[in-house]
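> Next come a sequence and a model predicted from it.
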Amino acid sequence: MSDTTLSAERRAEPLPEFWPTMPAEKPARAIWLPWPIVAALAPLFWLMPKRLGPHFAAAGWRAALAAQLLWTVYGIGCIVVALDAPNYGWVTYVTGQSPGQQQPSIWESPTFSEIVRTPLAALAIRASYHIERGEALLLGLAKIVGIELALIAGGWLLVPFALSGQSVWRTFGRCARLTLWCSTSVIVPGLVLQGIVVFGGAGSADYADNESGILLCAYVLWFLWLWICSGQRYAGPADSVARQPRRPQCEGCGYILTGLTEHDRCPECATSVESSLPGRRKPPAYAEARSRLGRIPTFLQTQIAVVVEGFFFRNLALDGGYSAARRFAVRAYLFAGIIMAVRRGASYGFVSPLYDVFFAVAATILVAIMVSSIAVLVMARFGARPIQPYATAVFYWTAWLPIPGVVMIGVLAVARCIPGSLRTPHLWNPNATFLVANGMRGLGFLVYLVLFAIALWQLCRIPEQIRFPNR
Ligand SMILES: [Zn+2]
């Protein structure tokens, strides 16, 4: 409403030098604590990543690295205990199942301090196997360095999710530290694995493998959740890079339109000034929803709008729309993961349902996050341009991710309804319904490819459509 009245008032008035700025988000102010204390408090970070993210990120590299040495190494030790000596882990000790606690043993039952030290001892024993052979030790060290580098590189992928409004390098440092903080949580799956090895499993190796597979997928999902939550709150300065005043510019070529009126045309490319006015760009339905419940229909509405409207990104308001767009993307990832799980089940059936569902969801979300983060970083030329507008647009583009799966499920459902289509006929005597059903599958695959091409084309056109936004 305000846009239409604004443009009516401004009718034939010359455009100003700068557009009025939107009210800035209130930045979270980090509490200062000595770094050893912050490092010791890592478990609080796992419980409240959103609330504590800015404070832990602000504690600096020393705290993040100390926390990693303290918690991550101990967590990996817990995993080694689960594999090598499950009877001496925390879980067996706390439940009274350690050797000597209830059942007779030739050894004395372990003391509390021994149990505390077991993970580190288990790590030392594993390392001692390798020390005998120089090249194995080198390989082990290379693995550790590789994992650390992968964690820090993971910080790059977090940058589009954790915009602080600061320069990209500062944001990157902050994101890399948050990734290190997230890695301290490995202690939790370590303890769960001890429990699985001791109490689960039912004696069958397959069953235990499957449970650890579920645990791994669940941990990947939890890690990603920690990671996205922790960078979510704005912690930069109040007048950040992203909040600099915008000049009125031609959406076609970027020519500064100050002094021209809406009846004029751009002197550079002859696009009408009217088509560059900010009133044309609007937030999508999802960003306008006020209640949690109201977000469900608007999520689907926005999803359809992205896929169907050819000019969605040309009409998308970028200013102040970042948080809602990120929320939308997180929902879209989850939706795509669930659709992928259903599709897998519909095409091949489940061998072990829980693991297959977890695996499909976790793998889809991981790949989806990577694809959208890399797209944002490439479009913003790795920070040579402000990242926020590109992130906002690409987050809405993720609406495409579940679509091929939805189409495939539809095709499979129709193919299943044709009687006799699922029976495998003799190769020399294929019946007509079998041919029809397989033809439909082929058609489904073709639709899949076409949709993929359209989605990719729309992604590639985003930079052109939001290059000179007035809003
Ligand atoms: Zn122009």
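On my side now, so go ahead. Values in this document were obtained by computation on a predicted structure and should not be read as measured data. Numbering: from 1, shown residues only.

> which helices and strands sit right next to the longest helix seen in the chain?
As far as residue count goes, and with DSSP state H defining each element, the longest helix of the chain is helix 432-465. In terms of contacts (3 or more CB pairs under 8 Å, 6 or more residues apart in numbering; DSSP states H and E), helix 432-465 is packed against helix 353-379, helix 388-397, helix 403-417. Every C-beta, even on glycine, is put in place using the N, C-alpha and C of the backbone.

> In the stretch 51-200 of the chain, where is pLDDT below threshold?
Regions of the stretch 51-200 of the chain meeting the criterion pLDDT under 70 cover residues 104-105, 164-165.

> hmm, try it at 50
By pLDDT under 50, the stretch 51-200 of the chain has no low-scoring segment.

> can you give me the helices for it?
Across the stretch 51-200 of the chain, reading from the start of the chain, the helices by DSSP state H, counting those that start in this stretch fall at 60-67, 73-84, 90-94, 112-131, 134-158, 168-183, 187-199.

> among those helices, which is the most enclosed?
Sort these by mean neighbour count, taking mean count of other CB atoms under 10 Å, and helix 168-183 sits at the top with a mean of 22.

> Tell me how far that helix lies from the chain's centre.
Averaging C-alpha positions (CA atoms, centre = their mean, to the nearest Å) puts helix 168-183 15 Å from its chain's average.

> show me what contacts S185?
S185 makes contact with 42, 46, 71, 75, 222-223, 226 under the criterion CB atoms under 8 Å, 6 or more residues apart in numbering.

> Enumerate the positions of the host helix or strand of R327 that are buried.
Using DSSP states H and E, R327 sits in helix 322-348. Judged by neighbour count (16 or more other CB atoms under 10 Å), helix 322-348 contains these buried residues: 322-344.

> Ok, which of the helices and strands packed on helix 432-465 comes nearest the ion?
Of all the helices and strands packed on helix 432-465, it is helix 388-397 that lies closest to the ion, at 18.6 Å by CB to the ion.

> And the contacts of the closest one?
Defining contact as CB under 8 Å, 6+ apart, one finds that helix 388-397 is touched by 160-161, 163, 165, 242, 284, 302, 306, 312-313, 316, 318, 321-322, 325-326, 328-329, 372, 375-376, 379-380, 455, 458-459, 462-463, 465-466, 469.

> can you pull the alpha-carbon coordinates of it into PDB?
Extracted as PDB, the C-alpha positions of helix 388-397 are listed here (Å, rounded to 0.1, in the frame of the first residue of the first chain):
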ATOM      1  CA  GLN A 388      23.200 -10.600   0.600                       C
ATOM      2  CA  PRO A 389      21.100  -9.900  -2.500                       C
ATOM      3  CA  TYR A 390      22.400 -13.000  -4.300                       C
ATOM      4  CA  ALA A 391      21.800 -15.100  -1.200                       C
ATOM      5  CA  THR A 392      18.200 -13.800  -0.900                       C
ATOM      6  CA  ALA A 393      17.500 -14.800  -4.600                       C
ATOM      7  CA  VAL A 394      19.200 -18.200  -4.500                       C
ATOM      8  CA  PHE A 395      17.400 -19.100  -1.300                       C
ATOM      9  CA  TYR A 396      14.100 -18.600  -3.100                       C
ATOM     10  CA  TRP A 397      15.400 -20.500  -6.100                       C
END
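
> next one: that helix to chain centre, how far?
Centroid separation between helix 388-397 and its chain, computed with CA atoms, centre = their mean, is 14 Å.

> What of stretch 92-100?
In terms of CA atoms, centre = their mean, the centre of stretch 92-100 is found 39 Å from the chain centre.

> How about the residues of the protein by the ion?
With CB under 5 Å from the ion as the criterion, the chain meets the ion at residues 250, 252-253, 255, 266, 268-269, 271.
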